[in-house]
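In: Let me see the structure of the following:
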Amino acid sequence: MKQVEERYISLLTDFGFKRIFGTAMNKDLLICFLNSLFNGRQVVKDVSYLNPEHVGDVYTDRKAIFDVYCEGENGEKFIVEMQNAYQTYFKDRSLFYSTFPIREQAPKGSDWDFKLNHVYTVALLNFNMNEDAFDKEKIRHHVQLCDTATHKIFYDKLEFIYVEIAKFNKPLEELDTLYEKWLYALKNLYKLTQRPKELCDKVFDRLFEEAEIAKFTPQEMREYEASKKAYRDIKNSIDTAKQEGLAEGIEIGMAKGKHEANTETAQRLLAMGLSAERVAKATQLPLNFVENLGNS
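Out: Numbers count the residues shown, from 1 in each chain. Sure, this is the predicted structure:
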């Protein structure tokens with residue numbers, strides 16, 4: 001049977017996600033998605049994109065590279081990430097990433113009263129997080145600092161929003177809100193051969209226009225194919241790991257037998273968010289070598 005050629009990009013890939021949400025010309029799409037996510041609790045009117053690559057104060061500090069990093073009109077910071085694979089210390093990673101937009105607010109060489117602007121970390125998860133603190137029936141989870149006795153918010157300027165899009169299974173005919181339509185698009189856009197009537201909101205005119213693969217330049221096509229291959233590699237590895245057992249499954253799924261190929265695979269896995277320890281085990285590369293890849 002002939003394989004159906006994709007018409008629209010996958011928003012689950014690094015290239016697809018950044019093309020739709022991480023470029024200034026498409027900021028209306030990001031603004032619309034964020035407002036659908038906040039549902040009136042926070043209204044985003046405009047954003048300006050910031051440098052997504054951050055390093056610490058000294059050369060030995062670790063680096064953080066965000067999928068999307070932007071600032072609202074009132075100085076609030078938004079980190080938006082697509083995460084396709086579970087990571088052992090994923091919560092630690094989220095907290096670590098949030099420290100960069102916090103620290104960069106401190107002015108240099110002048111007095112400062114320590115007033116901070118709001119920082120939002122939005123993590124879109126293409127897997128089930130299996131977090132004990134979360135309601136297992138929910139897809140969206142909102143985390144803030146609170147008093148454990150009163151459950152009242154202690155600090156309202158640091159928020160983490162986790163969206164387990166892997167759990168979202170509503171069919172087109174049951175989509176009720178703009179937020180649900182965005183979740184459907186995030187998970188299923190690449191499967192569509194034509195635009196469904198359920199996604200008729202004006203903002204989706206832009207989405208389908210930007211996501212149409214036939215309009216890509218040769219360079220964009222090469223970048224998308226590489227990104228899609230990296231996504232498939234990690235998903236195949238996860239599927240194999242589930243069937244064979246974690247350590248053995250990752251080895252079977254990822255090892256290619258050559259140092260050069262394993263290095264390329266390691267770079268892709270690190271970019272998808274896997275820990276250096278897990279990547280080293282998957283590729284049979286030395287841990288210090290993988291850590292250096294992550295820092296390069």
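
In: Return the residues in contact with the spatially closest residue to residue 68 that is not a sequence neighbour.
Out: Nearest non-adjacent residue to residue 68, counting by Cβ to Cβ, 6 or more residues apart in numbering: residue 80, 4.0 Å away. In short, each C-beta sits where N, CA and C put it, glycine included. For residue 80, the contacting residues are 21, 30, 34, 66, 67, 68, 69, 70, 122, 124, by Cβ atoms under 8 Å, 6 or more residues apart in numbering.

In: what about the host helix or strand of residue 80, average pLDDT?
Out: In the assignment (DSSP states H and E), residue 80 maps to strand 77-83. Over the span of strand 77-83, the pLDDT mean works out to 95.

In: Residue 196: neighbour count?
Out: Using other Cβ atoms under 10 Å, residue 196 has 15 other residues around it.

In: State the number of residues packed around the closest residue to it other than its chain neighbours.
Out: Excluding its sequence neighbours, the residue lying closest to residue 196 (Cβ to Cβ, 6+ apart) is residue 172, at 5.3 Å. By the measure other Cβ under 10 Å, the count of residues near residue 172 is 13.

In: any weak-confidence spans in the protein?
Out: Counting by pLDDT under 70, the chain has low-confidence residues at 1-4, 54-63, 239-261, 272-273, 284, 296.

In: hey, where'd the strands end up in it?
Out: Residue ranges of the strands in the chain, as given by DSSP state E, are 47-49, 53-54, 64-65, 68-72, 77-83, 119-125, 140-146, 153-164.

In: my guess is the residue nearest to residue 196 contacts residue 184, does it?
Out: Yes - in this structure, residue 172 is within contact of residue 184 by Cβ atoms under 8 Å, at 6.8 Å.

In: Return every residue with contacts to both of those two.
Out: Residues touching both residue 172 and residue 184 (Cβ under 8 Å, 6+ apart) are residue 199.

In: Quickly note the distance from the residue nearest to residue 68 to residue 280.
Out: Here the criterion is Cβ to Cβ, to the nearest Å. By it, residue 80 lies 28 Å from residue 280.

In: cool, and residue 31?
Out: Note on residue 31: its distance to residue 280, by Cβ to Cβ, is 40 Å.

In: how about residue 175, phi and psi?
Out: In terms of degrees, to the nearest 10, the main-chain angles of residue 175 are phi -70, psi 120.

In: Switch the strands of the chain over to CSV; also include distance to residue 189.
Out: Output for the strands of the chain, formatted as CSV (distance: least, Cβ to Cβ, whole Å):
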stretch, distance to residue 189
strand 47-49, 22
strand 53-54, 27
strand 64-65, 24
strand 68-72, 17
strand 77-83, 13
strand 119-125, 13
strand 140-146, 19
strand 153-164, 16
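
In: In this structure, which residue is most central in space?
Out: Within the chain, one residue has its C-alpha closest to the average C-alpha position: by Cα atoms, centre = their mean, that is residue 82, at 1.3 Å.

In: That residue contacts residue 124, doesn't it?
Out: Yes - counting by Cβ under 8 Å, residue 124 is a contact partner of residue 82 at 5.0 Å.

In: For the stretch 101-250 of the chain, just list every one of the helices.
Out: If DSSP state H, counting those that start in this stretch is used as the criterion, the helices of the stretch 101-250 of the chain fall at 178-188, 203-211, 218-244, 246-254.

In: who touches the first one?
Out: Read it as helix 178-188. Residues outside helix 178-188 that contact it (Cβ under 8 Å, 6+ apart): 11-12, 32-33, 36-37, 39, 124, 126, 139, 163, 165-166, 168, 170, 172, 175, 198-199, 201, 203-204, 207.

In: Against residue 221, how distant is the residue nearest to residue 68?
Out: When Cβ to Cβ is applied, the distance between residue 80 and residue 221 equals 25 Å.

In: And for residue 94?
Out: Using Cβ to Cβ, we find residue 94 at a distance of 33 Å from residue 221.
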